[in-house]
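K.L.:
Kindly return the folded structure for what I paste below:
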Amino acid sequence: MFSYAEGKWTVKEVWQHVMDTERILAYRALCYSRKETKSLPGFDENAYVLNSKANSRNWNELIEEYSQIRSATLSLFKSFDEEMLSQIGFAGVSIRISTRAVGFLILGHEIHHAKTIKERYL
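P.N.:
Okay, the predicted model is just below:
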């Protein structure tokens with residue numbers, strides 16, 4: 001339940017954010033791989049965390065859910081062929097990104113927050 005500064009998230013909130021973001025990015029990867037031409041909307045990460053009620057969740061359940069999300073993401077990316085990975089999609093007003101790059105975003109996002117947890121909470 002600790003946060004390292006006023007207005008910062010707890011570890012449970014950070015990890016819920018990692019999971020929410022992976023779900024959203026995996027959806028975007030699916031859309032791009034299927035040649036979606038519409039721009040996909042962003043999301044308000046602070047509102048998602050506030051409404052997630054992560055601090056009332058059991059830590060073991062969070063970890064189990066994370067494992068399931070990652071397994072689903074891996075299955076999704078394994079299903080993509082080279083053409084699908086190379087598809088370019090649109091996020092927000094002007095962001096162009098490939099399906100492949102979304103996969104790297106998912107991994108980099110997790111690494112970023114895991115590093116923050118190690119530096120600020122452990």
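
K.L.:
Could you pull out the helices in the chain for me?
P.N.:
11-33, 45-52, 59-79, 82-86, 99-120 (DSSP state H).

K.L.:
List the buried residues for the last one?
P.N.:
By neighbour count on 16 or more other CB atoms under 10 Å, the buried set for helix 99-120 is 99-103, 105-106, 110, 113. Bear in mind the C-beta positions are built from the backbone N, C-alpha and C, glycine included.

K.L.:
Out of the residues you listed, which two sit at the greatest distance?
P.N.:
Thr99 and His113 (22.3 Å; CB to CB).

K.L.:
what's the burial count for Phe77?
P.N.:
Look at Phe77: counted by other CB atoms under 10 Å, it has 19 neighbours.

K.L.:
Phe43 too?
P.N.:
11.

K.L.:
any residues touching stretch 11-18, and which ones?
P.N.:
1-3, 9, 45, 48-49, 52, 54-55, 57, 59, 62, 66, 109-110, 113, 116-117, 121 (CB atoms under 8 Å, 6 or more residues apart in numbering).

K.L.:
redo that, cut-off 10 Å
P.N.:
Stretch 11-18 is touched from outside by 1-4, 8-10, 45-46, 48-50, 52-59, 62-63, 65-66, 69-70, 106, 109-110, 112-114, 116-117, 120-122, with contacts defined as CB atoms under 10 Å, 6 or more residues apart in numbering.
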